[in-house]
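Novice: Pasting the sequence and the predicted coordinates here, then a few questions.
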Amino acid sequence: MGDNNRPIPREITRAGDHDIRILWKSGHESLYPARYLRLKCPCAGCVDEWTGRKVLRPQEISEDVAPSSLELVGRYGLRIRWTDGHSDGIYTFGLLRDLCPCCLG
Ligand SMILES: [Zn+2]
Ligand SMILES: [Zn+2]
């Protein structure tokens with residue numbers, strides 16, 4: 001997987017209508033479909049903090065959910081405000097790097 005321990009984005013942009021693209025300092029490029037990221041929201045409302053179990057139910061998330069704004073949080077993460085009104089999750093760069101679709105299984 002690489003990117004050392006602390007992945008750092010060089011560029012975060014939108015891709016297409018819905019998707020988010022991150023170009024990492026390592027040169028690796030990640031493309032995240034919007035709904036995929038929405039379903040991975042790490043906030044306490046979507047994942048049980050104690051058990052790590054997912055509380056969010058995919059059928060409750062619209063097929064065309066999209067990010068309405070992206071906001072950097074300090075130097076470690078990204079807050080995504082979604083068109084369904086949800087904005088509690090802070091996606092750390094480490095999490096985002098781990099979620100890269102092209103690097104998973
Ligand atoms: Zn959430
Ligand atoms: Zn990848």
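Specialist: Nice, thanks for sending it over. Ligands and ions are numbered 1, 2, ... in the order given.
Novice: residues from the protein in reach of ligand 2?
Specialist: The chain comes close to ligand 2 at residues 100, 102-103, as judged by Cβ under 5 Å from the ion. Heads up, the C-betas are built off the backbone N, CA and C, glycines and all.
Novice: so after the helix or strand containing S30, what's the next helix or strand?
Specialist: Assigned by DSSP states H and E, S30 belongs to strand 29-32. Sequence-wise, the next helix or strand downstream of strand 29-32 (DSSP H and E) is helix 34-39.
Novice: other SSEs contacting that following helix?
Specialist: Judged by 3 or more Cβ pairs under 8 Å, 6 or more residues apart in numbering; DSSP states H and E, helix 34-39 is in contact with strand 19-24, strand 77-82.
Novice: In contact with the most centrally placed residue in the chain: list those residues for me.
Specialist: In the chain, the C-alpha nearest the mean C-alpha coordinate belongs to L37, at 4.5 Å (Cα atoms, centre = their mean). By Cβ atoms under 8 Å, 6 or more residues apart in numbering, the contact list for L37 reads 20, 67, 80, 91, 99.
Novice: And the residues you listed, which is closest to ligand 2?
Specialist: L99 (9.2 Å; Cβ to the ion).
Novice: Am I right that R6 is in contact with L95?
Specialist: No: the criterion here is Cβ atoms under 8 Å, and R6 misses it with L95 at 12.0 Å.
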